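# below is the sequence, then the predicted model.
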Amino acid sequence: MSVTVDVEGFAELERTLDNLSKAAGKGVLRRALKKAAQPTADLASSMAPVRTGNLARSVIVGAKLDGRQARIHRRMFRDDKSSVEMFVGPSYLSGDGGRHGHLVEFGTWKMAAQPFMRPAWDQDKRAMLDRLSEELWAELEKAIRRAEKRAAKLAAKG
């Protein structure tokens, strides 16, 4: 199954990000992605089956994967040099019960699938992309103001 998404404004966004330092640009992207994805994570948490321990509490937005996931991800995206990535899902690292999230989502031979991540994404993807657009520009404006303030301070010093 393929999904087509039309996104506009990336050229302008990239030009604006080029005016910032690499670290500031990454910070803008990271903060915007995290804020935009949090409602999707909250929706997935609310859709998690109740009798699955602490699964609902384990759904997070984060930049880290466990060891196995990181190895698979590196192999899949070896040639992709994207600057910032965020992941939404049950956290293996939180200790809150996320270790079995994939088994609940996809099922096992003993247990029927009880999807909660995919339905949350399907329900929220358009709104998430709209939030991301708004958050990116808001974070960019803040970062530009901080950079201008820093430059003015340096210029005043001499």
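All right, it came through fine.
# residue 74 and residue 64, how far apart?
Distance, residue 74 to residue 64, by CB to CB, to the nearest Å: 13 Å. To be clear about C-beta, it is placed using only N, CA and C from the backbone, and glycine gets the same treatment.
# do the same with residue 101
15 Å.
# just residue 138 next, same as before
To residue 64, residue 138 is 25 Å away according to CB to CB.
# just residue 126 next, same as before
27 Å.
# my read: residue 13 touches residue 136, true?
Yes - between residue 13 and residue 136 there is a contact under CB atoms under 8 Å: 6.4 Å.
# neighbour count: these two, which is higher?
Remark: of residue 13 and residue 136, residue 136 carries more neighbours, 22 against 17, as counted by other CB atoms under 10 Å.
# how about the secondary structure of the more buried one?
At residue 136 the chain is in helix, as set by DSSP: H, G, I helix; E, B strand; the rest coil.
# per-residue confidence for it?
As predicted, residue 136 sits at a pLDDT of 91.
# residues contacting it?
Residues in contact with residue 136, defined by CB atoms under 8 Å, 6 or more residues apart in numbering, are 13, 28-29, 32.
# cool, and residue 83?
So residue 83 contacts 22, 25-26, 29 (CB under 8 Å, 6+ apart).
# may I ask which of the residues you listed has the most neighbours?
residue 29 (22 neighbours).
# buried stuff in the strand or helix carrying it?
Element membership for residue 29 (DSSP states H and E) is helix 22-47. Across helix 22-47, burial judged by 16 or more other CB atoms under 10 Å covers 24-25, 27-38, 40-41, 43-45, 47.
# so for the spatially closest residue to residue 65 that is not a sequence neighbour, what's the pLDDT?
Closest residue to residue 65 apart from its sequence neighbours, by CB to CB, 6 or more residues apart in numbering: residue 73 at 5.9 Å. If you check residue 73, the pLDDT there is 81.
# what is the burial count for residue 132?
Neighbours of residue 132 using other CB under 10 Å come to 17.
# check which helix or strand covers it.
helix 117-157.
# now the residue nearest the centre of the chain: phi and psi?
Nearest residue to the geometric centre of the chain (CA atoms, centre = their mean): residue 86, 3.3 Å. Dihedral pair for residue 86: phi -130, psi 150, per degrees, to the nearest 10.
# that one and residue 116, how far apart?
Note on residue 86: its distance to residue 116, by CB to CB, is 19 Å.
# now swap in residue 150 and tell me
44 Å.
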